[in-house]
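Asks: Sequence first, then the predicted structure:
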Amino acid sequence: MAKKSTIEKYGNGLDTNNMKIAVIDLGTNTFNLLITEMVPGRVIPEILEKSPVKLGLGFENNRINQDTLDRAYNCLKDYKQLILQNNVKKSIAFGTSALRSADNGIIFVNQIQEELGLAINIIDGDMEADLIYEGVKRSGILRKEASLIMDIGGGSTEYIIGNDEQIFWKKSFPLGVSRLKNKFVPSDPMLQNEITDVTEHVISVQHELYELLKKYKVNVLIGSSGSFDSFGELLFHHFNGLDIGDKPYIDLDKENLKTLTEQLLQLTYKERLNLKGLVQMRAELIPLSSILLNAILDAAEIKTVQLCTHALKEGALNMIDNDKFAVTQH
């Protein structure tokens, strides 16, 4: 019989070398599980699971409906089994936009702790941006010059301006793709006036970002995981782009990326499902991701676009021994 998990605030400095640890990222659209082995001097990823739980599309009167909560519960139950089967010693879990904004988010978190023995840390947008930055930094993509890191989520979109040493500015905007879908209820495919309305809304909400890009002379956009993984795969299959493979980051051709997003906005959901390189879980909301991306490409002097496959889950590896967060020991 598997040993029951214990939950505690962990910060006694225990050495994590030669130990398997897990990170669970409970995103508004996707729940991610990363299992790694910590060995002296490096981290070896072993398992990466992604599940389209779609908390953000299950909101009713600011509460997540029961069907969606059941789907989330079953996903975490499966993740717990994978953690135990792979002899993970410690895990850390983070809840983001959907769980922090839903009236019943904390009720669900308490249920998971009581029934599955998993602690979930609900974090604010600033901490989410910090973890994304740490994950991107871990990949080695950052340089001395400032870059804009963009992470498109379901409930929010995070922006970080920083270099390989520090963050200069960060902000989480309530512009996730699920939130936009709930607000605008777009047609399939989106009509031109709907594209215009969503674009104008995005630009108005994040207006301060554009001046900061000029202030810090940013010309590099780094897209962090999620939707950008899909953009990279689509470019590879349809525009002779680079194969992501197991690389931590690759360059994306800006002009081909623009062409791709414009095409995605013209396709129906069924047509998008047939696109090679686009996984089903991304097909529904990729047009809204395209609008968010275009709002940056069109309004800023971005010359270079890169995809980084690292995100919050990789950044969270740094927090496994931080006494600010609850860690589950297995």
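Replies: Here it is on my side, so go on. Residues are numbered from 1 along each chain as shown.

Asks: What score does Ala93 have for pLDDT?
Replies: Here, the pLDDT recorded for Ala93 equals 98.

Asks: so how many other residues sit close to it?
Replies: For Ala93, the count of nearby residues is 26 (other C-beta atoms under 10 Å). Every residue, glycine included, has its C-beta placed from N, CA and C.

Asks: Could you do Gln166 as well?
Replies: Going by other C-beta under 10 Å, the residues that sit close to Gln166 add up to 10.

Asks: What segments of the stretch 151-300 of the chain are strands?
Replies: Remark: strands of the stretch 151-300 of the chain, listed N- to C-terminal, are 157-162, 167-173, 220-224, 249-252; assignment by DSSP state E, counting those that start in this stretch.

Asks: Of those, give the one that comes closest to Ile203.
Replies: With respect to Ile203, and counting by C-beta to C-beta, the nearest of the strands of the stretch 151-300 of the chain is strand 167-173 at 11.1 Å.

Asks: helices or strands up against the closest one?
Replies: With contacts defined as 3 or more C-beta pairs under 8 Å, 6 or more residues apart in numbering; DSSP states H and E, the secondary structure elements packing on strand 167-173 are helix 125-139, strand 157-162, helix 207-215.

Asks: Include mean neighbour count, distance to Phe325 and mean pLDDT when you put these into TSV, please.
Replies: Supplementary listing: the helices and strands packed on strand 167-173 in TSV, determined by neighbours: other C-beta atoms under 10 Å; distance: least, C-beta to C-beta, whole Å; pLDDT from 0 to 100:
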stretch	mean neighbour count	distance to Phe325	mean pLDDT
helix 125-139	22	9	96
strand 157-162	24	18	98
helix 207-215	14	28	96
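
Asks: Next, the buried residues of stretch 273-288.
Replies: Using 16 or more other C-beta atoms under 10 Å as the test for burial, stretch 273-288 gives Leu275, Gly277, Leu278, Arg282, Ala283, Glu284, Leu285, Ile286, Pro287, Leu288.

Asks: Now do it: everything it contacts.
Replies: Applying C-beta atoms under 8 Å, 6 or more residues apart in numbering, the external contacts of stretch 273-288 come out as 29-30, 50, 52, 154, 177-178, 180-181, 186, 189-190, 198, 227, 230, 233-234, 236-238, 264-265, 267, 269, 272, 289.

Asks: Tell me which of those residues fall in helices.
Replies: 177-178, 180-181, 198, 227, 230, 233-234, 236-238, 264, 269, 272, 289 (DSSP state H).

Asks: Pull out the buried residues from those.
Replies: By 16+ other C-beta under 10 Å, those give 177-178, 180-181, 198, 227, 230, 233-234, 236, 238, 264, 272, 289 as buried.

Asks: Closest to Asn121 out of these?
Replies: Closest to Asn121 out of these is Ser178 (21.1 Å), distances taken as C-beta to C-beta.

Asks: I'd assumed Leu57 was in contact with the closest one.
Replies: Yes - the pair Ser178 and Leu57 passes the contact test of C-beta atoms under 8 Å, sitting 5.3 Å apart.

Asks: which residues do the two both contact?
Replies: Gly154.

Asks: quick revisit: wait, which of the buried residues of stretch 273-288 is closest to Arg138?
Replies: Using C-beta to C-beta, Arg282 is the member of the buried residues of stretch 273-288 that sits closest to Arg138, with 23.6 Å.

Asks: Domains in the protein, by residue range?
Replies: 6-125+313-329, 140-310 (automatic domain parsing).

Asks: Dump those to a markdown table, plus distance to Tyr133.
Replies: Listed next are the domains of the chain as a markdown table, based on distance: least, C-beta to C-beta, whole Å:
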| stretch | distance to Tyr133 |
| --- | --- |
| domain 6-125+313-329 | 7 |
| domain 140-310 | 5 |
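
Asks: Which among the ones you listed is found nearest to Glu134?
Replies: Across the domains of the chain, closest to Glu134 is domain 6-125+313-329 (C-beta to C-beta), at 3.3 Å.

Asks: Residues touching stretch 236-254, excluding its own?
Replies: For stretch 236-254, using C-beta under 8 Å, 6+ apart, the contacting residues are 139-141, 222-223, 228-229, 231-233, 235, 256, 259-260, 275-277, 297, 302-310.

Asks: Check the separation of the first and last residues in that stretch.
Replies: Its first and final residues considered, stretch 236-254 spans 13 Å by C-alpha to C-alpha, to the nearest Å.

Asks: With stretch 183-201 instead?
Replies: 11 Å.

Asks: Buried residues, that stretch. List them.
Replies: Judged by neighbour count (16+ other C-beta under 10 Å), stretch 183-201 contains these buried residues: Phe184, Pro186, Pro189, Met190, Glu194, Ile195, Asp197, Val198, Thr199, His201.
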